[in-house]
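show me the folded form of this:
(2 chains)
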Amino acid sequence: MSKREVTLGTRSNPRAEIVRSEAPSELLRELVAHLRQNRTQLREEWVVRITETRLLTAMTKEEIFAEATSVYDSYVEALETEAFEALQAYARNLSERIIPRGVETHEVVGIVLLLRDVLARSLFAKYQTDFKKLNRILDAYEPAANRIANTVAVGFVQERERVIRQQQEAIRELSTPVLQVRERLLILPIIGVIDPQRARQLTEQLLRGIRTNRAKVVVIDITGVAAMDVTVANHLVQTVEASRLLGATVIVTGLSPEIAQTLVTIGVDLGKMNTVGDLQGGIEQAERLLGYKVVTLAESR
Amino acid sequence: MEVPILKQGEVLIATFQAALSDADLNHLRMGLVRQVVKFRSRAVIVDVTAMDVMDSFASRTLREIAHMIRLRGAETVIVGIQPEVAFAMVQLGLTLEGVATALDLEEGLAYLNEKFKTTN
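So this is what the prediction gives:
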């Protein structure tokens, strides 16, 4: 009983095995010839299916058609040559073009699977009288088609991830400016959400900035930070202490009520934290510490 | 390796080298604490610019030096802590509270001069 199940499961009877192992390349060639012959018709059917399922809504009909033509040709070529490098490069190139247009992963996977289905249907139609041959053709077609779908999807996702990484890096670099306002006075305006990684980067840049600018006073302005979790709050306190070890005084300004609550909850030693209500007040205090005094021209006369 | 202690006016200056053993640190500590009274110095500057890593023993020694010097009637300024070292120390909870710090030797001397001026 169990033996029978195994034979059924692997669909192999000895004769079919021999025939199949002899012919896959020939079968593929036959398959490719069929796909080339019916190129126009199949391609159009595919485009119709794409529009029907409302994929690629970000692109115009003409664009879809033009893209479909080249995808179709690359698809058939990959089936024929089984050289996936060219397809991989094509997929990457395609992704590069369509990601900025806002094409989603599910759409790309969707259209490749649609093409696979459209082509499989045409094979069913062609070989419906010869069931055994259909079986063998599908044996050759399916693994190749699945591999193509896989390659394109993976290529797309990789490209997307690359773009995301690049953007993250750009945002990170933009978001942590350490600015010198006056000799020996730096300000560090922080805006947005601080996650532990960004907090670490902020600290690094600030400590390096203190060293290169020979700063004595640093104003960290967190007006633009709405909330802060306990880890990041602790990190902020550590940054203040580390700056002191470099000989710089830190003034923190613009603490929101929520952040004040967090700091009180974690029990920060407020003696170590020099805080002022707003950035202006912070800079004024920093100037006092450095011995500056701002006077209007009228006053100085 | 022995750390030389330099006398510069009313200030003693000791420079940490990268590879100091625990025994060297102990030796330096005793040397500083002895000489600060012998030379009637008002302050001690410990320069740690060369230290890329600071283990817990070294930073504990630094704190002990500072506290012992205060008991001997002078002040300590630690100068030249590297940014990475500073953050690592804070994370280990070694914040040298109550000890003055400055960016480098020049800053440390400027800080002390300012202080001597106001207390004179």
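
okay, strands next: where are they in chain A?
Counting by DSSP state E, chain A has strands at residues A:179-182, A:185-191, A:217-224, A:249-253, A:274-276.

which helices and strands sit right next to the last one?
Using 3 or more Cβ pairs under 8 Å, 6 or more residues apart in numbering or on different chains; DSSP states H and E as the contact criterion, the secondary-structure elements in contact with strand A:274-276 are strand A:249-253, helix A:279-290. To be clear about C-beta, it is placed using only N, CA and C from the backbone, and glycine gets the same treatment.

can you say which of the ones you listed is packed in most?
Using mean count of other Cβ atoms under 10 Å in any protein chain shown, the stretch among those with the largest mean neighbour count is strand A:249-253, at a mean of 23.

out of the strands of chain A, nearest to residue B:14?
Residue B:14 lies closest, by Cβ to Cβ, to one member of these: strand A:249-253, at 25.0 Å.

do you know how far the closest residue in space to residue B:80 that isn't next to it in sequence is from residue B:75?
Nearest residue to residue B:80, sequence neighbours excluded (Cβ to Cβ, 6 or more residues apart in numbering or on different chains): residue B:49, at 3.3 Å. Taking Cβ to Cβ, to the nearest Å as the criterion, residue B:49 is separated from residue B:75 by 20 Å.

kindly report the same for residue B:40.
Note on residue B:40: its distance to residue B:75, by Cβ to Cβ, is 14 Å.

repeat that for residue A:131.
Distance, residue A:131 to residue B:75, using Cβ to Cβ: 97 Å.

hang on, isn't residue B:19 packed against residue B:1?
Yes. Here residue B:19 reaches residue B:1: they are 7.1 Å apart, a contact under Cβ atoms under 8 Å.

residue in the stretch 101-250 of chain A nearest to chain B?
Relative to chain B, the nearest point of the stretch 101-250 of chain A is residue A:207 (3.4 Å; Cβ to the nearest Cβ).

who's in contact with that residue?
A:239, A:242, A:243, A:246, B:83, B:84, B:86, B:87 (Cβ atoms under 8 Å, 6 or more residues apart in numbering or on different chains).

relative to residue A:288, which of the residues you listed is nearest.
Nearest to residue A:288 among those, counting by Cβ to Cβ, is residue A:243 at 18.2 Å.

which strand residues bridge the residue nearest to that closest one when sequence neighbours are not counted?
With Cβ to Cβ, 6+ apart as the criterion, residue A:243 has its nearest non-adjacent residue at 4.8 Å, and that residue is residue A:250. Beta-bridge partners of residue A:250, counted by DSSP bridges, are residue A:218.

right, and residue A:250 touches residue A:222 too?
No. At 11.7 Å, residue A:250 does not count as touching residue A:222 under the criterion of Cβ under 8 Å.

so the residue nearest to residue A:243 versus residue A:188, what's the distance?
In this view, residue A:250 and residue A:188 are 9 Å apart by Cβ to Cβ.

got it, and residue B:54?
25 Å.

pull the number of nearby residues for the closest residue to chain A within chain B.
Shortest chain B-to-chain A distance, computed as Cβ to the nearest Cβ: residue-wise this is residue B:83, at 3.4 Å. Under the neighbour criterion other Cβ atoms under 10 Å in any protein chain shown, residue B:83 is assigned a count of 21.

now it: closest residue in space, sequence neighbours ignored.
residue A:207 (3.4 Å).

okay, and for chain B, where does confidence drop off?
Residue ranges of chain B with pLDDT under 70: B:120.

please identify the buried residues of stretch A:170-187?
Along stretch A:170-187, the positions that meet the burial threshold by neighbour count (16 or more other Cβ atoms under 10 Å in any protein chain shown) are A:175, A:176, A:178, A:184, A:185, A:186, A:187.

residues contacting the second one?
Going back to what we said before, that points to residue A:176. A:188, A:190, A:198, A:201, A:202, A:205.

touching stretch A:112-125 from outside, list them.
Counting contacts by Cβ under 8 Å, 6+ apart, the residues outside stretch A:112-125 that touch it are A:31, A:34-35, A:38, A:42, A:45-46, A:49-50, A:53, A:55, A:71-72, A:75, A:134, A:137-138, A:141-142, A:145-146, A:148-149, A:152-153.

can you select the buried ones from those in ChimeraX?
The ChimeraX command for the buried members of the contacts of stretch A:112-125 (criterion: 16+ other Cβ under 10 Å) is given here:
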select /A:31,34,35,42,45,46,49,50,55,71,72,75,134,137,138,141,145,148,149,152,153
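
who in chain B is up against chain A?
B:78-79, B:81, B:83-84, B:86-87, B:89-91, B:95-97, B:101-103, B:107-108, B:111 (Cβ under 8 Å from any Cβ of the partner chain).

tell me which of the residues you listed fall in strands.
Cross-referencing the residues of chain B next to chain A against strands under DSSP E gives B:78, B:79, B:101, B:102.

residues from the stretch 101-250 of chain A in reach of chain B?
A:203-204, A:207-208, A:210-211, A:214, A:238-239, A:241-248.

can you say which of those are buried?
By 16+ other Cβ under 10 Å, these give A:203, A:207, A:210-211, A:214, A:238-239, A:241-248 as buried.

how many neighbours does residue 66 have?
Here I'm looking at chain A. 12.

switch to chain B, please.
A count of nearby residues for residue B:66, using other Cβ under 10 Å, gives 21.

then the one 4 residues further on?
Number of residues near residue B:70 (other Cβ under 10 Å) recorded here: 14.

cool, and residue A:275?
For residue A:275, using other Cβ under 10 Å, the count is 19.

so what sits opposite it in the bridge?
Under the criterion DSSP bridges, residue A:275 forms beta bridges with residue A:252.

that one and residue A:160: what is the separation?
Remark: distance between residue A:275 and residue A:160 (Cβ to Cβ) = 42 Å.

one more: residue B:5?
Relative to residue A:160, residue B:5 is positioned 62 Å away (Cβ to Cβ).

and residue A:92, by the same measure?
Counting by Cβ to Cβ, the gap between residue A:92 and residue A:160 amounts to 11 Å.

give the contact list for residue 86.
No chain in the question, so chain A it is. Applying Cβ under 8 Å, 6+ apart to residue A:86 gives the contacts A:74, A:77, A:78.

wrong chain, I was asking about chain B
With contacts taken as Cβ under 8 Å, 6+ apart, residue B:86 has the following neighbours: A:207, A:242, A:243, A:245, A:246.
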